[in-house]
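Enquirer: dropping a prediction and its sequence here:
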Amino acid sequence: MSTTRRQLLKLSAAGGAALALRVPILSAATADATASPAFAPNGWVRVGRDGRVTVVVGRSEMGQGVRTSLAMIVADELGAAWSAVAIEQASPGPGYDNLNTGGSGSVEEGWLPLRRAAAGAREMLIAAAAARWKADPSGCRAGEGSVVHAETGRRLSFGTLAAAAAALPVPKEPRLRERDELELIGTPVRRVDGPAIVSGAARYGLDVRIPGMRFAAVAHCPTPGGKALRFDAAKARAVPGVRGVHEVSTGIAVVADDTWTAISGRDALSVEWDRGPLAGLTTAELWSRIDRSFDGPMRRVTRSDGDVGAALAGAARRIQATYRDSFQAHASVEPQNSVASVADGRCEIWSPTQNPGRVQKETAKLLGIPESKVTVHVTLLGGGFGRRLAADYATEAAEVARAARAPVQVVWTRADDFAGDWVHPGGRADLEAGLDASGRVVAWRHRASTLHLSMFGPFDPKDVDEDSPWGGVDTPYAVPNLSVENNDVESPVRTGAWRSVFYPANVFARESFLDEIAAATGRDPVALRRELLSAGEPVADAKPWKLERRRLERVVALAAEKSGWGAPLAGAPYAGRRAGRGIACNIYHGRTCLAHVAEVSVGVAGDVRVHRIVTAADCGIVVNPLGLAGQVESGVAWGLSYALGGEATYRDGRIEQESYREYPVLRYRDMPEVEVHTIRSERPPSGFGEQPVPPVAPAVANAIFAATGKRVRRLPIRAADLAKRD
Amino acid sequence: MRYLLTVNARPRSVEAADPDTPLLWILRDRLGLTGTKYGCGVGVCGACTVHLDGEAARSCQVPVSAAAGKRVTTIEGLSGNGNGDHPCQRAWLEEDVAQCGYCQPGMIMEMAALLARRSKPSQSDVDDALSDHVCRCGTYARIRRAARRLTGGA
């Protein structure tokens, strides 16, 4: 791409230009009751006689703005007026067999299917208008909720045309609009859920209220796999307002008239636990299992270019380093919860879930009823971050509701939420590079191991989890001899997906290591990255992905340029502090390319301040620039909590942290300025929810090195390690 | 035991066997005011922030017995007319602050209380007030922009 075609969108001040939106949000119930759509050509878009366009959203809204971005795609392709769009949340059932929200796939995977659905509907509305006018459909255009006949200027609204359109055949291969016909895509649009959120009307899982509903707290064994030896049900029942005490497969449920009474009743149980097989387990034991997995060969070689062994043996100089991250909780502010009602061989569940299909399937299995008898309503999610791909807290509600013979809301306390989390497991990566006499990198070996993710099933002794190599296997740099070797260990604790999964650990290791090579060879970290991304084949094969090196190089160059890379960091915020810049970059799943430059200062006591993050990205067409900038800010905050915040630790088999007091996350005063630059592209959009996370920690760590000369090889970063000693 | 509270300018009478029942659960489970959120129950996340006689308070730390006779304002009552058009709510919408949005009612209530206390709070006043809240989505940069809009700060 030439520089003249590189048009940049600066987004940090985009707010003022955003459309002011008051899109009505229908709950599924309201939509069912009122819509009786005149025109419903497919499962994703409907047009009512009143002209209202209902977009059915098949992904969970957990803050990534998907109810806005997917609706924009449909509305734009259809030619709807944005003010006439209403959202309906899909439930699993015929036609809705994949509602799973994960892997940053919502916009990427929705882009073509949703446009096809909307384009088909548009062609039918146009055909209906053309028939009415006895005109040629090719002379008609849809826009702003109407079909217009270009020649005569005649106009019919979608609502007027809906009934006639419904009688027409659904086109098999509708024409998709050209990029320049799309008017909404690429403009900053505010979140459709915003007005409900700021007024307190937005309904999350914990806000569901249904007639006759009771509240439950469940005593779980603090070490998963343990069981209750003794508890005092009578004492719990004696708490006024407690309606029942029920043993369920996950523990002992206390059902009451309100949440506080349920929690008080649970406290009164005074459960004595057999802590089961995990009693005595510590974080150190988990790390020693990971360390032992480095003793022999790694179980899977996920990438092998050239001959790394020979190249290392023949290298003029070898550099080695070991990196570790930490165990991390999700700690979404809304704790886990669900409402269930079980009666007459049916179950209805309201759940803040990323995976309603899994909720349906596991609930049906638990209750022994067909999946078709389980209705799952997806509420808004008060954060998801991968935790809510598991269905445990939803099936638990179904089990308690069945036992209580009443609709029940199961509420996890904050401590329950930590104790029952499916944590991000810590990982270790050993990197080694071979340099030739001129300092050129000729060999690169990345060996990594972690715990397997028990959220997705039992350990497979024959293979390594597919996601543990992420960030290593897709190393973008052109090194002729490159090997990536992965191992994992059966997890005795609950482990799971966590925003960008294993990318943060491997990208921290890889991008820090590259910085170490730059320092060891006296080269500039940006220059070395650009050198290694402009060398070799333009496209590297890293199964299952293709890595476009030049695309990433442009992003690195842009981040460096916009950050003022090389210019001194001066001014009041840096006074009396050691300051530096660091860069890190990544290609996520062979698609979104992203780089961060971090501006950091370190005080005498080793306290780290991150002042500014400058981000450059190439993610194809940007559907909603306002949403994209938000995801960068959010990913930066997540990455900073990972780099500088708390960690989950185990003692006697349980996670020690019970609240944000023991598990600190980034707070308001520590949020840096974030500046976002995107490269204009006509490619289909690629994911952006997780992508900003992985390069944050290494950009900060590299900046700390630039500021202090101290290399960070372990996360989270500890001030004591960076204190200035005279 | 029966307690009389004034919630969003309406007198409310609630029955609670346990005088230590946090105001949070009275609002959410008895009065149907679910805009006030449960986040931690130990006063460290700020999601449950309401106004008690005009001051920001963590409703998970206020026993119903201590709230009796006081004026309680929740996010639903912040704008007075229920339209959600208090200046803080408008600023939050203008800046498109919310992501998952779960913590935002608490953030807005905190900011509104601060502005009621002093019309021109300093940046450090804002930092102190809002840094007691957790937003796991990390919307802080936009909250800062909304706060600047409200305080006239640069």
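Expert: Structure's in. What do you need? No experiment lies behind these values; they were computed from the predicted model shown.

Enquirer: domain assignment for chain B?
Expert: With domains defined by automatic domain parsing, chain B comprises B:3-77, B:87-151.

Enquirer: adding distance to chain A and mean pLDDT, write those out as JSON lines.
Expert: Backbone N, C-alpha and C define where each C-beta goes, glycine included. Formatted as JSON lines, the domains of chain B follow (distance: least, CB to the nearest CB, whole Å; pLDDT from 0 to 100):
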{"stretch": "domain B:3-77", "distance to chain A": "2", "mean pLDDT": "98"}
{"stretch": "domain B:87-151", "distance to chain A": "2", "mean pLDDT": "97"}
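
Enquirer: to A:Glu466, which of those domains lies closest?
Expert: Comparison of those against A:Glu466 by CB to CB identifies domain B:87-151 as nearest, at 26.6 Å.

Enquirer: show me how far that closest one is from its chain's centre.
Expert: Computed by CA atoms, centre = their mean, to the nearest Å, the chain-centroid distance of domain B:87-151 equals 11 Å.

Enquirer: try stretch B:17-24
Expert: Here the centre of stretch B:17-24 is set off from its chain's centre by 18 Å, with CA atoms, centre = their mean.

Enquirer: how about stretch A:548-563?
Expert: 24 Å.

Enquirer: quick one: average confidence on it?
Expert: Throughout stretch A:548-563, pLDDT has a mean value of 98.

Enquirer: so which bits of that stretch are buried?
Expert: Using 16 or more other CB atoms under 10 Å in any protein chain shown as the burial criterion, the residues of stretch A:548-563 that qualify are A:548-549, A:551-560, A:562-563.

Enquirer: now, the residues you listed that are in helices?
Expert: Taking DSSP state H as the definition of helices, the buried residues of stretch A:548-563 contribute A:549, A:551-560, A:562-563.

Enquirer: take the residues you listed and write them to JSON lines, including distance to B:Val44.
Expert: Shown next, in JSON lines, are these (distance: CB to CB, whole Å):
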{"residue": "A:Arg549", "distance to B:Val44": "45"}
{"residue": "A:Arg551", "distance to B:Val44": "43"}
{"residue": "A:Leu552", "distance to B:Val44": "40"}
{"residue": "A:Glu553", "distance to B:Val44": "44"}
{"residue": "A:Arg554", "distance to B:Val44": "43"}
{"residue": "A:Val555", "distance to B:Val44": "38"}
{"residue": "A:Val556", "distance to B:Val44": "39"}
{"residue": "A:Ala557", "distance to B:Val44": "43"}
{"residue": "A:Leu558", "distance to B:Val44": "39"}
{"residue": "A:Ala559", "distance to B:Val44": "35"}
{"residue": "A:Ala560", "distance to B:Val44": "39"}
{"residue": "A:Lys562", "distance to B:Val44": "37"}
{"residue": "A:Ser563", "distance to B:Val44": "34"}
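
Enquirer: neighbours of the residue in the stretch 101-250 of chain A positioned nearest to chain B, how many?
Expert: Closest to chain B within the stretch 101-250 of chain A is A:Gly200: 2.2 Å, counting by CB to the nearest CB. When neighbours are counted by other CB atoms under 10 Å in any protein chain shown, A:Gly200 registers 24.

Enquirer: phi, psi for it please.
Expert: phi 90, psi 0 (degrees, to the nearest 10).

Enquirer: same deal with B:Asp29?
Expert: Geometry field for B:Asp29 lists phi and psi as phi -100, psi -30, criterion degrees, to the nearest 10.

Enquirer: just give me the neighbour total for it.
Expert: Neighbour count of B:Asp29, defined by other CB under 10 Å: 23.

Enquirer: quick check: bridge partners of A:Val218?
Expert: Per DSSP bridges, the residues bridged to A:Val218 are A:Ala253.

Enquirer: returning to what we had before: ok, and the closest non-adjacent residue to the residue of the stretch 101-250 of chain A closest to chain B?
Expert: Spatial nearest neighbour of A:Gly200, excluding adjacent residues (CB to CB, 6 or more residues apart in numbering or on different chains): B:Gly35 at 2.2 Å.

Enquirer: wait, that neighbour touches A:Arg203, no?
Expert: No. Counting by CB atoms under 8 Å, B:Gly35 does not reach A:Arg203; the two are 9.9 Å apart.

Enquirer: contact partners for the residue of the stretch 101-250 of chain A closest to chain B?
Expert: Counting by CB atoms under 8 Å, 6 or more residues apart in numbering or on different chains, A:Gly200 makes contact with B:33-36, B:74-76, B:78, B:84, B:105.

Enquirer: one more time with 10 Å, if that's ok
Expert: The contact partners of A:Gly200, by CB atoms under 10 Å, 6 or more residues apart in numbering or on different chains, come to A:207, B:33-37, B:74-78, B:82, B:84, B:89, B:104-105, B:108-109.

Enquirer: what of A:Glu108?
Expert: With CB under 10 Å, 6+ apart, A:Glu108 has these contacts: A:589, A:591-592, A:619-620, A:684-689.
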